[in-house]
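Chemist: dropping the sequence and predicted coords here.
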Amino acid sequence: MDTAYPREEHAAPHKRDPAPTVVAVGSPVAPRDHLVWSLFSTVYMNFCCLGLVALAFSVKARDRRAAGDVEGAQHLGSRARCYNALATAGSVLLPLLLAALVVTGALHLSKLTQESIDFLSYQLSAGDADDK
């Protein structure tokens with residue numbers, strides 16, 4: 001009886017070389033949720049409640065990112081960005097439009113006032129000439 005250990009026929013099969021490991025150089029970019037912008041839009045520029053809608057989408061995007069659903073988080077983050085952009089544009093453009101209307105109204109009113117004064121002064125001066 002051969003007592004040599006391990007025997008060739010009962011020896012464990014040779015392990016193969018493991019498959020090569022692929023390491024990505026750049027880590028995948030986490031999708032943005034725009035939560036800070038949404039909070040700012042909700043608190044300061046809540047035009048037609050768009051900031052509140054953006055905040056809801058930002059929170060959903062953050063939850064999806066935490067759950068590992070990168071594609072869903074990107075989609076919801078994109079929607080939050082759109083609503084934030086609309087809220088910001090509405091909150092910036094509407095006051096500018098209102099200011100432009102006030103300025104043009106004031107200019108028009110001053111022009112009407114000046115024309116009325118000119119007309120009345122002409123009528124008064126014509127009336128003084130008739131009295132003499």
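Modeler: Good, I have the coordinates.
Chemist: next up, the contacts around residue 33.
Modeler: Residues near residue 33 by CB atoms under 8 Å, 6 or more residues apart in numbering: 58-59, 61-62, 65, 73, 76-77, 80. In this view, the C-beta of every residue, glycine as well, is placed from N, C-alpha and C.
Chemist: quick one: neighbours of the spatially closest residue to it that is not a sequence neighbour, just the number.
Modeler: Closest residue in space to residue 33, ignoring its immediate chain neighbours: residue 61 at 4.0 Å, by CB to CB, 6 or more residues apart in numbering. Residue 61 has 27 neighbours, counted by other CB atoms under 10 Å.
Chemist: my guess is residue 61 contacts residue 37. True?
Modeler: No: counting by CB atoms under 8 Å, residue 61 does not reach residue 37; the two are 11.9 Å apart.
Chemist: if I look at those two, which residues touch both of them?
Modeler: residue 80.
Chemist: quick one: the helices in this protein?
Modeler: 35-43, 50-67, 70-131 (DSSP state H).
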